[in-house]
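**Student:** Pasting the sequence and the predicted coordinates here, then a few questions.
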Amino acid sequence: MADFIEGKRPVIEALRTHVPLKYILMADNLSQGDSLVRDIQRKAKNLDVPIKKVSKKKLDEISERGSHQGVMAEAAPFNYVNMTTILDAAKQSAEEHDGRALIVVLLFDGVTDVRNFGAIARSAECVGASGIVIPNKRAARVTAATYKSSAGAISHIPVTQVANLVSTIERLKDEGFWVAAAMEHASDLIWQSNLKGKIALVMGNEGEGVSRLVLENCDFGVKLPQVGEISSLNVAQASTACMYEWLRQNQ
């Protein structure tokens, strides 16, 4: 299904943050005196994004939200990599940084995690993670919204989709990774656990956490300390805290 960005300002933001776009659709009755229209045309020309003039009726037919304002852009499909590419990046990281490498495994389910996905990608890129692993079914995927929520970081970190998380975890172990599952009910606080070297950090989804089958194949569980009244952080916040503890231990 096509991933469309609707509205003048959202399209300008997509161009500004270099979301890869296939083309821009622009209603043929838009005023050329509109400063936002001129801005879109200028940015599109600079980035070699083609603009196609269509009728407003055509945009109405395509629009899902009815908020196109005469302008829509179709995002290009994200370039997912294979698992070998991420493992190669991890090998290079280990060679350059005294044996340290981080791969983040996300058990996300559905589109409700798109914003969390972007926030995690931003943190993963900041700490120097080698890549992100997600399931290829029923999982959050990289969309135009991910570019925005990741502040563009999703363009700079490899992401792979896998069919079987358990076999992927076994492959990570064969490659010398220790697999840590972040879970609320783990026995050890994260700073009591050894995160030095090559670590695969498994993060569950907001509702169900880490599934039993995946958990059984992880090497150990970690949790963040909590002294407040609410039960837990959201998955993006928790992922960031865990990733920075990995970085701290490996500094």
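**Tutor:** Here it is on my side, so go on.
**Student:** Next one, pLDDT for Ala144 please.
**Tutor:** Per-residue pLDDT puts Ala144 at 84.
**Student:** Tell me where the model's unsure across this structure.
**Tutor:** Scanning the chain for pLDDT under 70 picks out 1, 108-112, 138-139, 205-209, 231.
**Student:** In it, what residue spans correspond to strands?
**Tutor:** In the chain, the strands defined using DSSP state E lie at 3-6, 21-27, 51-54, 71-75, 101-106, 131-135, 159-162, 178-182, 198-203, 220-222.
**Student:** Buried residues of the shortest one, list them for me.
**Tutor:** Taking 16 or more other C-beta atoms under 10 Å as the basis for neighbour counts, the residues of strand 220-222 that come out buried are Gly221, Val222. C-betas here are computed from N, CA, C, even on glycine.
**Student:** for the second one, same thing?
**Tutor:** Of all the residues in strand 21-27, those buried under the rule 16+ other C-beta under 10 Å are Leu21, Ile24, Leu25, Met26, Ala27.
**Student:** List the beta-bridge partners for the first one.
**Tutor:** What that stands for is Leu21. With DSSP bridges as the criterion, Leu21 is bridged to Ala75.
**Student:** One more: the fourth one?
**Tutor:** Beta-bridge pairing of Met26 under DSSP bridges involves Lys53, Val71.
**Student:** can you put the strands of the chain in TSV and add distance to Ile190?
**Tutor:** Shown next, in TSV, are the strands of the chain (distance: least, C-beta to C-beta, whole Å):
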stretch	distance to Ile190
strand 3-6	35
strand 21-27	40
strand 51-54	49
strand 71-75	36
strand 101-106	13
strand 131-135	19
strand 159-162	24
strand 178-182	8
strand 198-203	10
strand 220-222	4
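**Student:** Identify whichever of those strands lies nearest to Gln251.
**Tutor:** strand 101-106 (12.9 Å; C-beta to C-beta).
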